[in-house]
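> Below is the sequence, then the predicted model.
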Amino acid sequence: MESAPYTCNTSTLDPYVPGVDNPWNQARIKHCYRRLGYGADLEKINAALSLTPGDLIDQIVDDAVNTPLRQDPPWAYFRLSDFGDPATENPEYINDFRIETGTFNVYNELKGRIIFFWLNHFVTELGAYNYAPYLFQYYRTAELHALGNFKTMVHAMGLTPAMLIYLNGFENTNTEPNENYARELFELFTLGESNGYTQQDIVETSKALTGYNLRPQAGGPIIFNTNTFFNGDKTIFDQTGNWNYHDVIDLLFQERGPLIADFICRKLYKYFVSPELTPTIETEIIAPLAQIFLDNDFELVPVLKKLFKSAHFFDEKSLGVSIKSPFDLIFQFINESSFLYNEDLMEAFIYYAHVLGQTMFDPPDVAGWQGDQDWIGTSTLTLRWALFKAYLNLLFDNGQEERFRALAKQLSNDSNDPVYITQVMVDFFHAKELFTPGDYDVATEVFKWEIPQNYYDEGLWDLDWAEAPYQVLLLLTHMATWPEFQLK
């Protein structure tokens, strides 16, 4: 797998205004839906052509802000004593929640995507606590704040039972202070490594974070215990006081606000736009976004709307420069093809994503998935091909072959020209056109299959032929093996 191209995007944060050189077209709308969600079908893309770019962004972001909270599962706030058979029920609940979350993400565009972004920012590993109610409560906290106020989210995420257990806050007492959460609060969650804090700040902060050690019931809430709190002065960022957990967060944003804004805006940019940063992007894109973040007291929506509406986001050079995660790969194809999936298939997809290196709710370490080129290796690339082949063949062999025909008819307007059908199908599922005409020629030959050439030459063949669904299957399977198919 070749690395994604180095960005040379020099467009600004000024609003994107379509023109001759940068038209408002299907390619840019697909880019928008792929980055802000998990793709869209042709009908949805064509409907967006009637909107201005700014109106489409407002619609996507506002819909995400207004998406109702997911319904609490019955076990959401169980104590251990509420289970009938925890050894059986707990893994079942976790599995069910993964399936429901996968389905939620397919249908909920930016809301599903940005919740996943924050879960990979405020990282916990499910394997560290392995308890369905704590998983849900951690997810719900990210869901509540995903498009709200970042400072409020920082306050909330550190007190979830999942986080208190994962980063040892539950073990952090006045007699045995534990520095884990203090370190990651600065290094991974707000400031960045070695950026604006010292080891002594970590030591003092760990004392301020003590006290969250009381769990009256097994599997229940973890609450504050005054007896285990370090009750005395701590000096953090050169400020001295008897600081507690919430004081630390307030002090952090008060004393290091510009550094936090820069760190978070850089991370949002790398996730939603491009993994590559240049000095120009740092100056012309990240710095203004950080100032907007500060000016709006760390509200996320103004920053996201400014970025997503910009000429920079919609620049041609932003298309196809990020490698799809396993969930990107799967969910995007589901949405764009409108092919069948159900709970059983979603369970299989979640399993295959795990095999490909993305286990839902269980990243590899506290730094989370690094994404982009880390998603691709010699083994995972061939497994991606195998996944697509298995999924497509499963559909084709189980009564879904007409969906293949319908897809080709929709994308090509029921053409009978195999060259045109191949091109529009290839272009629809890729962020950019293929590098050479020869790539299209090879794909066309795959699509033509064993049908004699004279049937094409004389206009006798069309998509109503009995063989046409199988030809579409061959083309889709072939496309999935291209490096370009891995880019979004």
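All right, it came through fine.
> Give me the pLDDT for residue 21.
Looking at residue 21, its pLDDT stands at 89.
> Could you do residue 1 as well?
42.
> what helix or strand does the residue nearest the centre of the chain sit in?
When Cα atoms, centre = their mean is applied to the chain, the residue found nearest the centroid is residue 113 (4.2 Å). Using DSSP states H and E, residue 113 sits within helix 109-119.
> again, but for residue 276
Counting by DSSP H and E, residue 276 is found in no helix or strand.
> which residues of the stretch 201-350 of the chain fall in helices?
245-272, 279-281, 287-295, 300-308, 311-314, 326-337, 343-355 (DSSP state H, counting those that start in this stretch).
> Between those, which one is closest to residue 376.
helix 326-337 (10.5 Å; Cβ to Cβ). To be clear about C-beta, it is placed using only N, CA and C from the backbone, and glycine gets the same treatment.
> Who are the contact partners of residue 315?
Residues near residue 315 by Cβ atoms under 8 Å, 6 or more residues apart in numbering: 9, 11, 22.
> Next: residue 481.
residue 385.
> Starting from residue 381, give me the distance back to it.
According to Cβ to Cβ, to the nearest Å, residue 481 stands 9 Å off from residue 381.
> Now do the contacts for the residue nearest to the centre of the chain.
36, 37, 38, 105.
> got a pLDDT number for it?
98.
> count of neighbours near the residue nearest to residue 116 when sequence neighbours are not counted?
Spatial nearest neighbour of residue 116, chain neighbours left out: residue 105 (6.9 Å); criterion: Cβ to Cβ, 6 or more residues apart in numbering. By other Cβ atoms under 10 Å, the residues close to residue 105 number 20.
> got the contact list for residue 105?
Going by Cβ under 8 Å, 6+ apart, the list of residues near residue 105 reads 38, 112, 113, 116, 327, 331.
> Please tell me I have it right and residue 270 contacts residue 282.
No - taking contacts as Cβ atoms under 8 Å, residue 270 lies outside contact range of residue 282: 11.6 Å.
> So those two - more neighbours on which side?
residue 270 (18 against 13).
> Please report how far that one lies from residue 169.
The value you get for residue 270 to residue 169, if Cβ to Cβ is used, is 28 Å.
> again, but for residue 334
38 Å.
> which of the two has more neighbours?
A count of neighbours by other Cβ under 10 Å puts residue 169 above the other of residue 334 and residue 169, at 25 against 22.
> My read is that the more buried one contacts residue 158, right?
Yes - with contacts counted by Cβ under 8 Å, residue 169 reaches residue 158, the gap being 7.0 Å.
> Identify the contacts common to those two.
181, 209.
> re earlier: which of the contacts of residue 315 sits closest to residue 77?
For these, the residue nearest residue 77 by Cβ to Cβ is residue 9; the value is 46.0 Å.
> What pLDDT is listed against the closest one?
Note for residue 9: predicted pLDDT of 94.
> which residue sits closest to it, ignoring its sequence neighbours?
Nearest residue to residue 9 in three dimensions, chain neighbours excluded: residue 317, at 4.0 Å (Cβ to Cβ, 6+ apart).
> swap in residue 249?
residue 155 (5.0 Å).
> For residue 226, which residues are in contact?
For residue 226, counting by Cβ under 8 Å, 6+ apart, the contacting residues are residue 211.
> nope, residue 421 is what I was after
Counted by Cβ under 8 Å, 6+ apart, residue 421 has contacts 408, 411, 412, 415, 447, 463.
> do the same with residue 171
Contacts of residue 171 (Cβ under 8 Å, 6+ apart): 178, 213.
> now do 7 Å
Residues near residue 171 by Cβ atoms under 7 Å, 6 or more residues apart in numbering: residue 178.
> Check the one 10 residues further on too.
With contacts defined as Cβ under 7 Å, 6+ apart, the neighbours of residue 181 are 158, 167, 168, 169, 172, 209.
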